[in-house]
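K.L.:
Sequence and predicted structure, then a few things I'm wondering about:
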Amino acid sequence: QVQLVESGGGLVQAGGSLRLSCAASGRTFSNYAMGWFRQAPGKEREFVVGITGSLRRTYYADSAKGRFGISRDNAKNTVYLQMNSLKPEDTAVYYCAAGRERSGDYVPTYNYDYDSWGQGTQVTVSS
């Protein structure tokens, strides 16, 4: 397992942007697929976007397509989530997650695919 620490959340107006960061411990960061999930009040945690470690393949939930962008810097053990054109419905606690990569082409999208989680960072989008 790896330890994950998210940062970059906050309050933003609708239409604004935020960039979340997730710093990981350990020396084998590139062996892990990384994902961002979110959980809004009263709702289940949902997948937002993921990226593999070696080939950097990405997969976006429909809610994130065209607005969010994921990237990773394996030298810095960090994954980023750039969020643009934010909407009030994007309000949630955002979690970073890491899971052992099965294939450079396969992006995990389920909670159980990931075995390390950050503490979460709050994103609030006002209308």
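P.N.:
Received it, and whenever you're ready, just let me know what you need.

K.L.:
Which residue is the nearest non-sequential neighbour of the residue nearest the centre of the chain?
P.N.:
The C-alpha lying nearest the average C-alpha coordinate of the chain belongs to residue 36 (Cα atoms, centre = their mean; 2.1 Å). Nearest residue to residue 36, sequence neighbours excluded (Cβ to Cβ, 6 or more residues apart in numbering): residue 48, at 4.4 Å. The C-beta positions use only the backbone N, C-alpha and C, and glycine is treated the same way.

K.L.:
Please apply the same query to residue 58.
P.N.:
residue 51 (4.9 Å).

K.L.:
Contacts only, for that neighbour.
P.N.:
Residues near residue 51 by Cβ atoms under 8 Å, 6 or more residues apart in numbering: 33-35, 57-58, 70-72, 79, 107.

K.L.:
name the element the residue nearest to the centre of the chain belongs to?
P.N.:
Here residue 36 sits within strand 32-39, counting by DSSP states H and E.

K.L.:
angle of the following helix or strand past that strand against strand 32-39?
P.N.:
The helix or strand immediately downstream of strand 32-39 is strand 46-51, counting by DSSP H and E. Relative orientation of strand 46-51 versus strand 32-39 (axes from the mean of the first three to the mean of the last three Cα atoms, to 10 degrees): 160 degrees.
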